[in-house]
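>>> only geometry, no sequence info:
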C-alpha cells in the first residue's frame, strides 16, 4: 500500500528545534504558521506559491538565517512589481476609539477585506459626562470657526434632551407594559408562568432583571434619534494589508480634519505591526490615488450643479422604493439555470438556460421550492444561485437605520452627505408619553445650526445632525444577500425602525418575484411592543446555566 509519508521532509535535530518555535508541528500534513512576525508569515505564504519546496523547508533555507527576509521580500514584490494581492497576506487588528459617527461610517464604507465591530447605541446609554463633557466630537475646523459656540450649544442640547428623557420614558413604558403582563420561567414547575405566580426569590429576581433590561433597551432604541452624528463611538477593525492601505489612502484625502488625523494615527500603528503592507498608503502612489479621487469628485460635482440644480426635491419620499430589477420570468430563468448547472455534468449554461425557458411554470416553481425546502434555520443560507438576481432600492430612512443596514458588507451602498433636508422620524412612544415637545425642539435647533454651518462647511455641518433625521441612500444587492438581511433584520429583537424598512423590502421583492420570495422563509412580518423581551429571557437562561456550571466546579 502506498504511504504518503514518502513525501515528508526530513529534518535534522537542529532544524526540528528551530521549526518547533515557528510552526505548530514539524511533521503533520496540516499545520499552523506561528512564527511571531506578521511580515514573515505573509512572505512565507506568498513565497510558497512560487517554489516546489515545502513551507517548513522554505523557512529553514530562506528565513531562519536572515531576519530581514520578510521585509526584503515585500519591498521587492510590492514596490518593484506592484503585486497588490500579496498585501492581503498581512493582517492586523486595531481599535479606533473616541471617533465620531461621521468618521466611523466613513471607515466602514470600505467593505472588502475589513471586518468591524462597533459600540452599540442600543445597549449603551450616552447620558454620562466624562470630565464634565458629553461624549461627542469637537472637530477642529468647527471649533476654530465662528460656529463653535452654536455647535457646542446644539450638541449639548441634544445630549441633555436624550439624558433627561431616559427615566420618564422608562417609567411610561413600564406603565404601558407592566411586568405582570409577562410570563417568565418558573424553576419549580419548569415552565413559563405569569410574573405574579413566581414563588422562588431567584426566579423573581431573574424576571425583574429580564424586564428591566428589556425596558432599558426599548427606551434607548426610541431615544437614539436624539443623538447627533458627532456622538463618540469605538470601532474595532480586522483586515488585511491591501484593504488597510486603500482605506488609509482615502482617509488621507478626506475633507474632514478628524478623518485625516485618524488616518495618520492608524498609519503609525499599522506601520508598527505590518509596515511592509501599508507602506504606499501616503507615498507617491497613495497621493496619486487621492488626486484622482479628488479630481473625479470635483468634475462630477460640476455635472451635478449643471444638470440637477433645477430639480426640486421630493417633499415626502417613500421609505423604501424598488428602483431596478429583472422581470419575473428572466429572474426565475437565471436562478433555476444556476441551480441546475452545478450538477448538470457536461452541459453548458447556454443549453441549460434555453431548456429552462421552455419548462412548464409548475416545474420551474418546483425547482425553486426544492432549492430552499430543507432550510430549517435562517443560518442555512440559500445557495449561490440566488446571487443571479439583483435589486436596487432607494431608501429614505433615518440615519440610525442607515447605521444598521450599512454593516451588511455585501451591499453596494451609495449615499449623500448627512443633512436635515428630508425631515425626521418622531417615535410614537414619545408622543404618547408627552416627551415629543422636547424632541421637536431639539430637532428644530439642530436644523437651524446645521443650515448655518452648511453654508460654508457642508462636510462639517453633518456632525450636528441627529440620528432621527432622514437620510437618502440606495443599495444594490442580490437575492441571496437580501434573504440574509431581511431574515436577520426582521427578527423579533430587531430595532423597530429597521424591521419596518426590511419588511417593506421583502414586500417589494415578493411583489415582483413571488416564487423566488418563497425562499425567504424566516421573514417576520409581525410588530412587537418590547422587541428585546424574548432575547433577554434567552440571555438570562444562558447566564444561569453558566453560573450553575461555574459553581459546580
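Looks like it came in fine. Small disclaimer: the values here were computed from a predicted structure and weren't measured.
>>> What is the burial count for residue 43?
Using other Cβ atoms under 10 Å, residue 43 has 26 other residues around it. (Glycine included, C-beta is placed from N, CA and C.)
>>> so where do the helices sit in the stretch 401-550 of the chain?
Here the stretch 401-550 of the chain has its helices, by DSSP state H, counting those that start in this stretch, at 428-432, 436-454, 458-461, 479-489, 496-512, 514-517, 533-551.
>>> Nearest to residue 55, out of those helices?
helix 479-489 (35.0 Å; Cβ to Cβ).
>>> For that closest one, give me every contacting residue.
Applying Cβ atoms under 8 Å, 6 or more residues apart in numbering, the external contacts of helix 479-489 come out as 335, 378, 381-384, 386-391, 404-405, 408, 410-411, 477, 494, 498-499, 501-503, 505-506, 509, 513, 516, 519-523.
>>> ditto for stretch 419-437
Here stretch 419-437 makes contact (Cβ under 8 Å, 6+ apart) with 165, 168-169, 172-173, 176, 222, 225, 313, 317, 396, 398, 439-440, 443, 446-447, 450-451, 454, 461-462, 465-466, 468-472, 497.
>>> what stretches of the protein score poorly on pLDDT?
1-7, 74-75, 77-90, 542-553 (pLDDT under 70).
>>> Spell out, range by range, the strands that occur in this protein.
91-100, 114-118, 183-186, 191-194, 232-240, 320-325, 390-398, 412-415, 470-478 (DSSP state E).
>>> Go through those and name the closest to residue 247.
Checking the strands of the chain against residue 247 by Cβ to Cβ gives strand 114-118 as the closest, at 6.7 Å.
>>> So in that sheet, which strands flank that closest one, and in what orientation?
According to DSSP bridges, strand 114-118 forms sheet pairs with strand 232-240 (antiparallel).
>>> closest one to residue 340 among the strands of the chain?
Closest approach to residue 340 among the strands of the chain is made by strand 470-478 (18.3 Å; Cβ to Cβ).
>>> The closest one pairs with which strands?
strand 390-398 (antiparallel), strand 412-415 (antiparallel).
>>> How much space separates residue 218 from residue 370?
Distance from residue 218 to residue 370, counting by Cβ to Cβ, to the nearest Å: 41 Å.
>>> These two - which one has more neighbours?
In this view residue 218 and residue 370 are compared by other Cβ under 10 Å, and residue 218 has more residues nearby, 24 against 10.
>>> pretty sure the more buried one contacts residue 530?
Yes - with contact defined as Cβ atoms under 8 Å, residue 218 reaches residue 530; the gap is 5.7 Å.
>>> Pull up the overlap in contacts between those two.
Contacts common to residue 218 and residue 530, judged by Cβ under 8 Å, 6+ apart, are residue 173.
>>> In contact with residue 368, which residues?
Listed by Cβ under 8 Å, 6+ apart, the contact partners of residue 368 are 332, 335-336, 339, 515-516, 518-519.
>>> An error on my part: the question was meant for residue 203.
Residues near residue 203 by Cβ under 8 Å, 6+ apart: 184-188.
>>> Which of those has the largest number of neighbours?
residue 184 (20 neighbours).
>>> and the lengthiest helix in the chain with helix 436-454, angle?
Taking DSSP state H as the criterion, the chain has its longest helix at helix 148-176. Relative orientation of helix 148-176 versus helix 436-454 (axes from the mean of the first three to the mean of the last three Cα atoms, to 10 degrees): 160 degrees.
>>> Run the chain-centre distance for helix 148-176.
Computed by Cα atoms, centre = their mean, to the nearest Å, the chain-centroid distance of helix 148-176 equals 27 Å.
>>> do you know how far residue 518 is from residue 479?
Residue 518 is 11 Å from residue 479, by Cβ to Cβ.
>>> higher neighbour count, those two?
Using other Cβ under 10 Å, the more surrounded residue of residue 518 and residue 479 is residue 479, with 25 against 15.
>>> quick one: the more buried one from residue 497, how far?
Separation of residue 479 from residue 497 (Cβ to Cβ) stands at 24 Å.
>>> Surely residue 541 touches residue 192?
No - here residue 541 lies out of contact with residue 192, judged by Cβ under 8 Å, at a distance of 11.4 Å.
>>> follow-up on the earlier one: which of the contacts of residue 203 sits closest to residue 273?
residue 185 (46.8 Å).
>>> Return the residues in contact with that closest one.
191-192, 203, 206, 537, 541.
>>> I'd like the distance between the nearest residue to residue 101 once chain neighbours are set aside and residue 334.
Excluding the flanking residues, the one nearest residue 101 by Cβ to Cβ, 6 or more residues apart in numbering is residue 229, at 4.8 Å. Counting by Cβ to Cβ, the separation of residue 229 from residue 334 is 40 Å.
>>> what about those two, which has more around it?
Here residue 229 and residue 334 are compared on neighbour count by other Cβ under 10 Å; more neighbours surround residue 229, at 26 against 21.
>>> Show me what counts as buried in stretch 203-221.
Using 16 or more other Cβ atoms under 10 Å as the burial criterion, the residues of stretch 203-221 that qualify are 203, 206-207, 210-211, 213-221.
>>> What is the burial count for residue 382?
By other Cβ under 10 Å, 20 other residues sit near residue 382.
>>> Go ahead and confirm it touches residue 373.
No - look at residue 382 against residue 373 with Cβ under 8 Å: they stay out of range, at 10.9 Å.
>>> Contact partners for the closest residue to residue 328 other than its chain neighbours?
Leaving aside its sequence neighbours, residue 328 sits nearest to residue 513 (Cβ to Cβ, 6+ apart; 5.6 Å). Taking Cβ under 8 Å, 6+ apart as the criterion, residue 513 is in contact with 325, 328, 331-332, 389, 479.
>>> Output the residues you listed as TSV; include the columns distance to residue 65.
As requested, the contacts of residue 513 are exported to TSV (distance: Cβ to Cβ, whole Å):
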residue	distance to residue 65
325	60
328	66
331	60
332	62
389	55
479	54
